[in-house]
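Colleague: have a look at this fold, sequence not included:
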Ligand code: AR6
């Protein structure tokens, strides 16, 4: 090792090196960290059209608040492409703060294929859900429900039929779900964020005072839910 690495050096770069090394050798994946890990998407910033600067400020704020309360567990912000503006903003903002880059980093990949394609073990993944907790719709919600199969829909319905914006619901994933079998995911945490899209229910019509409060509540509920699993 060549001494301390900055957040941006670590995060994506190191993990992509791991990923490159992983190609065709999934059986060696156990050599990667087995610390409890929550992978989460940026809540509300795509279909729900929440401002990216404000959202990334809140991600950093809430990560800083929780990262020291979860022992050796890790928080990983995920997005689909290297061009993600969200990931760039978070990397830039995190590098200016004193956040342990082993416990919080960003990762490029499909949140439903983090282990099989990326070699990153995440026992818990978060879903940017809708208030009805319905499968489909697009974005990460459609991807997670589709990858998890009907087992997730059944397990979700056992817990709740709806979820208020700003809150989270921890759902243990049945062991017959492909997401459990192939990716090692034991829990999905549904989170409903604030909506700024006039074509979706509960639109806040650009009220960012309320929107920022709801987004803070959403991340707090998500990280508390993860902490309750890890404990
Ligand atoms: N893996 C990782 N990240 C993803 C994936 C994936 N497979 N798919 C999308 N993202 P969005 P929202 C990123 O729109 O804005 C749904 O229809 C994406 O690039 O999924 O909270 C629900 O039913 C973005 O950074 O969630 C709700 O109605 C982030 O995930 C509504 O959309 C969130 O994008 C929620 O909208």
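Modeller: Here it is on my side, so go on. Not measured: the values here are computed from a predicted model. Residues are numbered from 1 along each chain as shown.
Colleague: can you pull the contacts of the one residue in the chain that gets nearest to the ligand?
Modeller: Taking CB to the nearest ligand atom as the measure, the point where the chain comes nearest the ligand is residue 139, at 2.2 Å. Yep, even glycine has a C-beta here, placed from its N, CA and C like the rest. Applying CB atoms under 8 Å, 6 or more residues apart in numbering to residue 139 gives the contacts 46-47, 128.
Colleague: and if you look at residue 62?
Modeller: Contacts for residue 62 (CB under 8 Å, 6+ apart) come out as 216, 219-220, 223.
Colleague: how far away is the spatially closest residue to residue 167 that is not a sequence neighbour from residue 102?
Modeller: Closest residue to residue 167 apart from its sequence neighbours, by CB to CB, 6 or more residues apart in numbering: residue 221 at 5.1 Å. Counting by CB to CB, to the nearest Å, the gap from residue 221 to residue 102 is 25 Å.
Colleague: mind checking the end-to-end distance for stretch 181-189?
Modeller: 18 Å (CA to CA, to the nearest Å).
Colleague: quick one: contacts of that stretch?
Modeller: Outside of stretch 181-189, the residues that reach it under the criterion CB under 8 Å, 6+ apart are 38, 40, 112-116, 121-127, 144, 147-148, 152, 156, 168-173, 175, 177, 179-180, 222, 225-226, 229.
Colleague: which residues belonging to it are considered buried?
Modeller: By neighbour count with 16 or more other CB atoms under 10 Å, stretch 181-189 contains the buried residues 183-189.
Colleague: got it, and stretch 137-156?
Modeller: Within stretch 137-156, the residues that count as buried by 16+ other CB under 10 Å are 139-141, 143-145, 147-149, 151-152, 155-156.
Colleague: same question for that stretch, mean pLDDT?
Modeller: This predicted structure assigns stretch 137-156 an average pLDDT of 97.
Colleague: hmm, back to that, so between residue 221 and residue 102, which is more surrounded?
Modeller: With neighbours defined as other CB atoms under 10 Å, residue 221 and residue 102 compare such that residue 221 has more, 20 against 14.
Colleague: anything in the longest helix seen in the chain near the ligand?
Modeller: Ranked by residue count, the top helix of the chain under DSSP state H comes out as helix 208-230. No: with CB under 6 Å from any ligand atom as the threshold, helix 208-230 lies outside contact range of the ligand, at a closest distance of 9.1 Å.
Colleague: stretch 103-114 too?
Modeller: Yes: Stretch 103-114 comes into contact with the ligand when judged by CB under 6 Å from any ligand atom, the residues involved being 110-112.
Colleague: for the residues you listed, pick the one with the most neighbours.
Modeller: Neighbour counts for those peak at residue 111, which has 26 neighbours (criterion: other CB under 10 Å).
Colleague: that residue and residue 38 touch, don't they?
Modeller: No: counting by CB atoms under 8 Å, residue 111 stays clear of residue 38, with 10.8 Å between them.
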